[in-house]
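Student: sequence first, then the predicted structure:
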There are 2 protein chains.
Amino acid sequence: MPEKVTIATVARHARVSRQTVSNVLNSPHIVRQETRQRVEDAITALGYRANQAARQMRTGRSRLIAARIEPTRDGINGSVLDRFLHGLTETADAAGYRVLLYTAPDDEREIATYDDLLGTYELDAFVLVGTKYGDPRTAWLAEREVPFVTFGRPWDALDAHPWVDVDGAAGTAAATRHLLDAGHRRIAFIGWPAGSGVGDDRRAGWHDTLHAAGVDPAGLHRETEDSVSEGERLMRDLLAAEAPTAVVCASDSLALGALQAIRDLDPPVSVIGFDDTPVAAAIGLASVSQPLGEAAARCVDLLTGVLDGNQTPTPVLLAPSLALRHTA
Amino acid sequence: MPEKVTIATVARHARVSRQTVSNVLNSPHIVRQETRQRVEDAITALGYRANQAARQMRTGRSRLIAARIEPTRDGINGSVLDRFLHGLTETADAAGYRVLLYTAPDDEREIATYDDLLGTYELDAFVLVGTKYGDPRTAWLAEREVPFVTFGRPWDALDAHPWVDVDGAAGTAAATRHLLDAGHRRIAFIGWPAGSGVGDDRRAGWHDTLHAAGVDPAGLHRETEDSVSEGERLMRDLLAAEAPTAVVCASDSLALGALQAIRDLDPPVSVIGFDDTPVAAAIGLASVSQPLGEAAARCVDLLTGVLDGNQTPTPVLLAPSLALRHTA
DNA sequence: TATCCAAATTGGATCGTTCAAGACGGCGAG
DNA sequence: CTCGCCGTCTTGAACGATCCAATTTGGATA
C-alpha cells in the first residue's frame, strides 16, 4: 500500500518548500524555470494529485458544477437532456470542472436543493435547463449572486442573467423555407398553446416565413399539449379542414403523431419535426436539429468567464440546422 | 451578507464545545438528551450545514459516487442510461450521496479518469453501466479495492464483484410465451452476434421457450449489429426464407427496422422489441421493459452496504416486464 | 567591495471538521 | 472514605492545501 502523496512529499522530493510546489501548480510564472522543472518532475515521478478537499477548504471553490437530471417527462424529449449533459460533462472536464447531478420534483424543493448543495458542497455554479416566465429558481439564484447559466432564454428579460439558447424561430423558418422551395404553399404548423416562450418562438418562425413568402398563414395552425396522440388528432383535423400539403411541428412527438395521420396518403404530405431526437433519426423523420454539444460548451464558457475571469458574459444564441430525411 | 455558520458558531450558540456538536451529528446516542436538543435547536436556528470538504479532509470520504455518461451511441438506447441515471441520482440523494458524472472515449482513458477522480476528489465508489468479457475497468478497480457496482453482470465470473442486472432471458422468454399464447408458432428472433453476454442471454430466453413448447427454433434466428437498417434487412430475409408470423428482437432499434419490413403485410406479423425506449412507447411497439429505477436503487443499496456496513453484498437479478402494445 | 532591489523561496497561520486523549462529577463497590 | 468506572463533555492536534509576511538569493549598480 503506497502511502499518500501530498504536497509535502513532492516538496521533500524536489528539495523545495511546500509553497514553491503550490506556486508551480497555481502561478508557474513566478517560479524560476529550473526549479519549476525539478518540481514538475517530482510531481510526475510520485504521481501527485492535488487534494481537492484541502484546496477547497482554503479557497472556498469546489470546481463542481451542478446540473439537473429530469424525471424523463415525455421520454422522447428526454434524450435532448441526455445529449446536453454529455456535452456538458465533456467540456466541463476540459475546463477543470466536474458535473454533479441533482433532481427535484418541484421548484420549491429544487431551491432547497440549491441551498443544500451550496452549503455542504460549496458548488461553484449551476446549469439550468429550460426556463419559464417568472422562474422562481433563477430569481433565487440571482438574489444570492450564485453563478449560473441557463440553457434556454429568460423570457421575462433577456439580460436577467447569462444564457445560451438555440434559435427556435430560425429552425422553423428554415424548415418552412425548405418546404416552400420544394413547391409547397399550404404549409401547416402544429405547436403548443400560446404563452410558452419556446412554443411561441417556434411558431413565429413558421408564421413569419410563410407571411414573407406571400402565403396567408391564417387557419393553418393548431395548438395542443405535447404528445403523439394529440399530434395525430390535430393533423387529421388539419387535413379535413385545410388540405395542407406539408406540416412543420414544434416537436418530434407531434410530428410522429402527424406522420401516423398521413400514413397512406398519396401524394404524401411532408412532415418536419423539431429536436432531431433518436426517434426521428430511426424512422426517417426530417427534423430541426439543435447543436447540443455546442450549447453545452458555450454554457461552460460563460460559467468559466464568470468564475475565473470577471467578465460580464454576453448571451449566446445558436443556429439550429435542418436534418433532412425522407419525410421532407 | 450573513457570515459563515460553522460548527464553532453552533457550539457557541448552544453553549457546548465543537466536539459535542460533532457528536450530535455523528453519534447522537452518546450525547445527553437535553444537550442534544439544545444543539439541534441551534443547528436549525442558524441554518447550519456541515462543510463537506472539511469533513472529507478528516475522514477521507467524500460521499460522492461517480457514474459515466456515455457518448450517446445509437441514440435509441441512450435513453436507458438517461432513466437509470435519474434513478441513481434520486436514490443516492436519499442515502446521503451525490452523483458525479464523467466520460471517457475508451477504456484506457476511463481508467485514467478513475485514477484522477480517486486522487483529486477521493470518490467513494463507482457505478459502471454495461460490462463485457474481460473488462479491464473492473479488473483495475477490483485490484485497488475501490468500491464499485456494475449494472450488468460480470460475464466472466458471477462472483467477481457486486452487480445488479435485469434478467434478459426472462424478458425474451416472456415475450416468446406471449406470442405462443396468441397462437403463433413460427416465432423468429433477431439479435446480435454470439459472444456478447447480453445478446446471448436474450437469445437464450427465446430459444429455450420455443424449444420447451415443442417448436424447433432452427433457422428462425438472425444475427447482426444493432441498427434500424440491419433490423429491416434481416426481417426481409426472414420473411422470404422462413415465413415467420412473429418476431422477438434483442433491441428496439432492430424491432423498429423489422416493423418497417412488415409494414404492409396482411395478416400482420407481430413484433416485440427490447428496452421499452421512448421510441417504442411513441409508435406503439410492444417491448420488454427494464425496471431501471429499481435497478438504480439496488445499485445504491449495494454500495452503501459496502461503504457503511461491512457486509459482502449479494448480486441482484431483476425481472423485466412486458409492455404490450399494438404490434404484439 | 559594499549596497540595494527585485525575484525566488521559506515558515507559520488558517480553512472546518473529526480523532484521540483527558477532565469532571456522580455512583457503587471494596 | 477511597478508588475506579461510566457517562458526558472539553481541549489540542491533525487532515492537505493556500495565503501572508518575512527572509534569502542573485545580479546590477555605485
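Tutor: That came in fine, so what should we check first?

Student: mind pulling up the pLDDT for the residue in the stretch 101-250 of chain A that chain B sits nearest to?
Tutor: Per CB to the nearest CB, A:Gly119 is where the stretch 101-250 of chain A lies closest to chain B, at 3.4 Å. Where you see a C-beta, it was placed from the backbone N, CA and C, and this is true even at glycine. The predicted local distance difference test score for A:Gly119 is 94.

Student: helices and strands around the one helix or strand in chain A whose mean pLDDT sits lowest, which ones?
Tutor: Counting by mean pLDDT, DSSP states H and E, the weakest-scoring helix or strand in chain A turns out to be helix A:278-283, with a mean of 83. Packed against helix A:278-283, as judged by 3 or more CB pairs under 8 Å, 6 or more residues apart in numbering or on different chains; DSSP states H and E, are the following elements: helix A:252-261, helix B:252-261, helix B:278-283.

Student: can we see that at 6 Å?
Tutor: With contacts defined as 3 or more CB pairs under 6 Å, 6 or more residues apart in numbering or on different chains; DSSP states H and E, helix A:278-283 has these neighbours: helix B:278-283.

Student: now the strands: where do they sit in chain A?
Tutor: A:64-68, A:98-102, A:125-129, A:148-151, A:163-166, A:187-191, A:221-223, A:246-249, A:270-274, A:286-289, A:316-318, A:321-323 (DSSP state E).

Student: now mean neighbour count too, for those strands, in JSON lines please.
Tutor: Compiled in JSON lines, the strands of chain A are given as follows (neighbours: other CB atoms under 10 Å in any protein chain shown):
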{"stretch": "strand A:64-68", "mean neighbour count": "23"}
{"stretch": "strand A:98-102", "mean neighbour count": "23"}
{"stretch": "strand A:125-129", "mean neighbour count": "23"}
{"stretch": "strand A:148-151", "mean neighbour count": "25"}
{"stretch": "strand A:163-166", "mean neighbour count": "24"}
{"stretch": "strand A:187-191", "mean neighbour count": "28"}
{"stretch": "strand A:221-223", "mean neighbour count": "20"}
{"stretch": "strand A:246-249", "mean neighbour count": "32"}
{"stretch": "strand A:270-274", "mean neighbour count": "28"}
{"stretch": "strand A:286-289", "mean neighbour count": "25"}
{"stretch": "strand A:316-318", "mean neighbour count": "16"}
{"stretch": "strand A:321-323", "mean neighbour count": "16"}
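
Student: right, and those - which one's nearest DNA strand C?
Tutor: Checking those against DNA strand C by CB to the nearest atom of the strand gives strand A:64-68 as the closest, at 16.4 Å.

Student: once you drop chain neighbours, what's closest to A:Pro154?
Tutor: When the adjacent residues along the chain are set aside, A:Pro154 lies closest to A:Ala160, with 4.3 Å between them (CB to CB, 6 or more residues apart in numbering or on different chains).

Student: still on that earlier bit, Serialize the strands of chain A to CSV and add fields for distance to B:Asp226.
Tutor: As requested, the strands of chain A are exported to CSV (distance: least, CB to CB, whole Å):
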stretch, distance to B:Asp226
strand A:64-68, 28
strand A:98-102, 27
strand A:125-129, 28
strand A:148-151, 30
strand A:163-166, 29
strand A:187-191, 32
strand A:221-223, 37
strand A:246-249, 28
strand A:270-274, 23
strand A:286-289, 22
strand A:316-318, 31
strand A:321-323, 21
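
Student: adding mean pLDDT and distance to B:Leu285, write those out as JSON lines.
Tutor: Rendered in JSON lines, the data for these read as follows (pLDDT from 0 to 100; distance: least, CB to CB, whole Å):
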{"stretch": "strand A:64-68", "mean pLDDT": "96", "distance to B:Leu285": "29"}
{"stretch": "strand A:98-102", "mean pLDDT": "97", "distance to B:Leu285": "30"}
{"stretch": "strand A:125-129", "mean pLDDT": "95", "distance to B:Leu285": "28"}
{"stretch": "strand A:148-151", "mean pLDDT": "96", "distance to B:Leu285": "31"}
{"stretch": "strand A:163-166", "mean pLDDT": "96", "distance to B:Leu285": "29"}
{"stretch": "strand A:187-191", "mean pLDDT": "97", "distance to B:Leu285": "23"}
{"stretch": "strand A:221-223", "mean pLDDT": "96", "distance to B:Leu285": "26"}
{"stretch": "strand A:246-249", "mean pLDDT": "97", "distance to B:Leu285": "21"}
{"stretch": "strand A:270-274", "mean pLDDT": "96", "distance to B:Leu285": "18"}
{"stretch": "strand A:286-289", "mean pLDDT": "97", "distance to B:Leu285": "19"}
{"stretch": "strand A:316-318", "mean pLDDT": "97", "distance to B:Leu285": "33"}
{"stretch": "strand A:321-323", "mean pLDDT": "97", "distance to B:Leu285": "22"}
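
Student: out of those strands, which gets nearest to B:Ala243?
Tutor: Nearest to B:Ala243 among these is strand A:270-274; the distance by CB to CB comes to 33.4 Å.

Student: near chain B, anything from that closest one?
Tutor: No. Judged by CB under 6 Å from any CB of the partner chain, strand A:270-274 and chain B are separated, with a smallest distance of 11.4 Å.

Student: in PDB, list the C-alpha atoms belonging to that strand.
Tutor: What follows is the C-alpha trace of strand A:270-274 in PDB, where atoms were taken according to Å, rounded to 0.1, in the frame of the first residue of the first chain:
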ATOM      1  CA  SER A 270     -44.300  16.400 -45.900                       C
ATOM      2  CA  VAL A 271     -43.600  16.500 -42.200                       C
ATOM      3  CA  ILE A 272     -40.800  18.200 -40.300                       C
ATOM      4  CA  GLY A 273     -40.300  17.800 -36.600                       C
ATOM      5  CA  PHE A 274     -38.200  19.600 -34.000                       C
END
